[in-house]
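Engineer: below: sequence and its predicted model.
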Amino acid sequence: MCIRDSINAEYMGIIKIESKLMSRAVLQPFEAYQKARVQFVQTVAELATRPQNIEALQAAGVMALLRPLLLDNVPSIQQSAALALGRLASYSEELAEAVVSNEILPQLVYSLAEQNRFYKKAAAFVLRAVAKHSASLAKAVVESGALTALVLCLEEFDPSVKESSAWALSYIAKHSSELAQAVIDAGAVPLLVLCLQEPEISLKRISASALSEISKHSAEQAQNVVDAGAVLFLSSLVTHPDAQLKRQVCNCLAQIAKHDLGLAEAVSEAEIFPKILNCLKDPDMQVRKNAATCIREIAKQSENLARLICSAGGAAAIVDYVNSSKGNARLPGIMTLGYISAFDESLAMGVIAAKGIAPLKDALIKEPEDYIKAAAAWSLGQIGGHSADHARAMAELDIPTALLAVNKFSESSEDLKNKSKKALKSILQMCSHLPALEPLISEAPPDILQYVLHQFAKILPNNNNAKKSFVQSEGLKKIQEINAPPGSKLRQYIEEINSLYPQEIVQYYSPDYQKTLMKKLDDFNPAD
């Protein structure tokens, strides 16, 4: 009995060993296949980081090979496959369209709600990479049902998942009002406002960016952001030490304020003044520009808001900003000075007192881009057109001559010519400082010259010293040389000025006077 039991036990042991060997033999190819899949997706993901590899990967049919791996039973393979797809889609619109045409988006959306946080980040990255290229691709992402899953990701505990989701929503919303509305309707705005309050700076940044993309399209969509309580939290971040966050915050506030008076008031009531003025001196250039843009969008809405900005020291701060900036960064500051000045002569005088004319003149003359010069010309017109005092401040800095020079320059754009002409007329109609107008007599074209001579015709009758000076500076002589058509405004003003002087003096300065004298000499006969 003992020998039989011993044999049976030995036999069973042999069977177990053989079974284990057989199991190992069966599992080996599966393990090898898994290793091969892991190596494949990791290698493709790495290759996709280099632009020079993209065309070869596409030609090899990488999309079709990666697609089934999104549903792999090994989580790390799923994540690497999604990461590779995201990098490929991010490279070009063509590859992003390939992701859509290969019907990869529904698989991503399905897995987005089911998988772990690492896969959710990778899947959101793919959706973002597809959506960023165009409105049609972003619409394809929406139609795949991604918005619901992305909004749910905003409620995840992991901040990095929230960030990836907010980023994808931002890229969807940026393209059009329709897509931004879809993001709003999915319930994203209140959750993005909550993300603003999270401690992670990167999450704050992308949440502010997403809210900005939603707000920029229309007043109604910006109102949604305001109603969710975003402005108060955005305002509190204006003084944050992180430059990238301040860029996004100032931009978002600008996108909200730009639409109408009510929204601009909502932003100003969140007590952004005077703290946003400090951003105009921030070391980061983009922070300075975005802050100036925000101030511009508020200033243009109403006189009361313009006064609020000035009472907080905004005029001087903007003048300093225009002085210290160059190129496109100058533009929002230049326009802010124009918007403030346009409302009221006292506000315009405040800009003059803050020495705002000189930097505008500098931009008009020295900036290489015509659109910046045109903005400077427009702002100068808004400042100088209120009264004789405003126009005199312009004349003392020789602004009329500078405006005329850019108007006559053959390479100036039509917009610059029109704006400089309009600004010049606005200033000339108020200018009583005649010494600044005299150089224009010989330089201005007829349509501008009539405004110059109109001022002389108004002022000379009541100012004897000016009448003498006009003769001594050869102004009277110059107007005799003007070939003005009979019945024109220009001819009318010349005749009005001539009527202020004795006929002999007018004749003396006439271009034909020498010929007349010579004829009289020829005709003179002492014997007669």
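Structural biologist: Received the coordinates, thanks. Numbers count the residues shown, from 1 in each chain.
Engineer: going forward, measure contacts between C-alpha atoms and count neighbours the same way
Structural biologist: OK.
Engineer: check contacts around Y321.
Structural biologist: L280, K281, R330, G333 (Cα atoms under 8 Å, 6 or more residues apart in numbering).
Engineer: now the residues you listed as TSV including distance to L154?
Structural biologist: Below are those laid out as TSV (distance: Cα to Cα, whole Å):
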residue	distance to L154
L280	33
K281	35
R330	37
G333	37
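Engineer: helices - which of the residues you listed land there?
Structural biologist: G333 (DSSP state H).
Engineer: most neighbours among the contacts of Y321, which one?
Structural biologist: G333 (31 neighbours; other Cα atoms under 10 Å).
Engineer: take the contacts of Y321 and lay them out in CSV including distance to A219 and pLDDT.
Structural biologist: Shown next, in CSV, are these (distance: Cα to Cα, whole Å; pLDDT from 0 to 100):
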residue, distance to A219, pLDDT
L280, 26, 94
K281, 30, 94
R330, 26, 94
G333, 24, 96
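Engineer: helix or strand for the closest residue to S212 other than its chain neighbours, which one?
Structural biologist: Closest residue to S212 apart from its sequence neighbours, by Cα to Cα, 6 or more residues apart in numbering: C252 at 4.2 Å. Assigned by DSSP states H and E, C252 belongs to helix 243-257.
Engineer: just the residues contacting that helix, thanks.
Structural biologist: Applying Cα under 8 Å, 6+ apart, the external contacts of helix 243-257 come out as 201-202, 204-206, 208-209, 211-213, 215-216, 219, 222-223, 226, 231, 234-235, 237-240, 263-267, 284, 286-287, 290-291, 293-295, 297-298.
Engineer: for stretch 359-378, same thing?
Structural biologist: The contact list for stretch 359-378 (Cα under 8 Å, 6+ apart) reads 319, 322-323, 326-328, 330-331, 334-335, 338, 379-380, 399, 402-403, 406, 412-413, 415-417, 419-420, 422-423.
Engineer: where does the stretch 1-150 of the chain dip in pLDDT?
Structural biologist: Flagging of the stretch 1-150 of the chain using pLDDT under 70 yields the residue ranges 1-27, 30, 115.
Engineer: now do the helices in it.
Structural biologist: For the stretch 1-150 of the chain, applying DSSP state H, counting those that start in this stretch gives helices covering 2-47, 54-59, 62-66, 75-91, 93-101, 105-112, 117-131, 135-143, 146-153.
Engineer: just send those helices back as TSV, with distance to K366 and mean neighbour count too.
Structural biologist: Listed next are those as TSV, based on distance: least, Cα to Cα, whole Å; neighbours: other Cα atoms under 10 Å:
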stretch	distance to K366	mean neighbour count
helix 2-47	48	13
helix 54-59	44	14
helix 62-66	52	18
helix 75-91	39	25
helix 93-101	39	19
helix 105-112	52	20
helix 117-131	41	27
helix 135-143	39	19
helix 146-153	49	22
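Engineer: I459: which of those helices is closest?
Structural biologist: Nearest of the helices of the stretch 1-150 of the chain to I459, taken as Cα to Cα: helix 135-143 at 60.8 Å.
Engineer: distance of A129 relative to L154?
Structural biologist: Using Cα to Cα, to the nearest Å, A129 is found at 18 Å from L154.
Engineer: repeat for S218
Structural biologist: In this view, S218 and L154 are 24 Å apart by Cα to Cα.
Engineer: the two: which has the busier surroundings?
Structural biologist: Each of S218 and L154 has its neighbours counted (other Cα under 10 Å); L154 has more, 22 against 18.
Engineer: the more buried one against V193, yeah?
Structural biologist: No: using Cα atoms under 8 Å, L154 is not in contact with V193, being 10.5 Å away.
Engineer: poorly predicted segments of this protein, please.
Structural biologist: 1-27, 30, 115, 512-528.
Engineer: go through the contacts of stretch 359-378 and flag which are in helices.
Structural biologist: Using DSSP H, those in helices are 319, 322-323, 331, 334-335, 338, 379-380, 399, 402-403, 406, 415-417, 419-420, 422-423.
Engineer: so who does I441 touch?
Structural biologist: L449, V452, L453, G475, K478, I479.
Engineer: look up how far Y91 lies from it.
Structural biologist: 60 Å.
Engineer: can you list the contacts of I441 in JSON lines and add distance to K121?
Structural biologist: Compiled in JSON lines, the contacts of I441 are given as follows (distance: Cα to Cα, whole Å):
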{"residue": "L449", "distance to K121": "67"}
{"residue": "V452", "distance to K121": "68"}
{"residue": "L453", "distance to K121": "71"}
{"residue": "G475", "distance to K121": "76"}
{"residue": "K478", "distance to K121": "77"}
{"residue": "I479", "distance to K121": "77"}
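Engineer: ok, of those, which one's closest to V351?
Structural biologist: Closest to V351, out of all of these and judged by Cα to Cα, is V452, at 25.2 Å.
Engineer: now the strand or helix carrying that closest one, how far from the centre of its chain.
Structural biologist: Using DSSP H and E, V452 maps to helix 446-459. Helix 446-459 sits 40 Å away from the centroid of its parent chain (Cα atoms, centre = their mean, to the nearest Å).
Engineer: what's the answer for stretch 183-195, then?
Structural biologist: Here stretch 183-195 shows a centroid-to-chain-centroid distance of 24 Å under the convention Cα atoms, centre = their mean.
Engineer: buried set for it?
Structural biologist: Buried residues in stretch 183-195, counting neighbours by 16 or more other Cα atoms under 10 Å, are found at V183, I184, A188, V189, P190, L191, L192, V193, L194, C195.
Engineer: next one: the nearest residue to the third one once chain neighbours are set aside from S420, what distance?
Structural biologist: In this case it means A188. Spatial nearest neighbour of A188, excluding adjacent residues (Cα to Cα, 6+ apart): V151 at 5.6 Å. V151 sits 50 Å away from S420, going by Cα to Cα.
Engineer: circling back to that earlier point, beyond the helix holding C252, next helix or strand please.
Structural biologist: helix 261-268.
Engineer: residues contacting that following helix, please?
Structural biologist: By Cα under 8 Å, 6+ apart, helix 261-268 touches 219, 222-223, 226, 231, 235, 253, 256-258, 297-298, 301-302, 305.
Engineer: do stretch 180-187 as well
Structural biologist: Residues contacting stretch 180-187 (Cα under 8 Å, 6+ apart): 142, 147-148, 151, 169, 172-174, 189, 213-214, 217, 221, 224.
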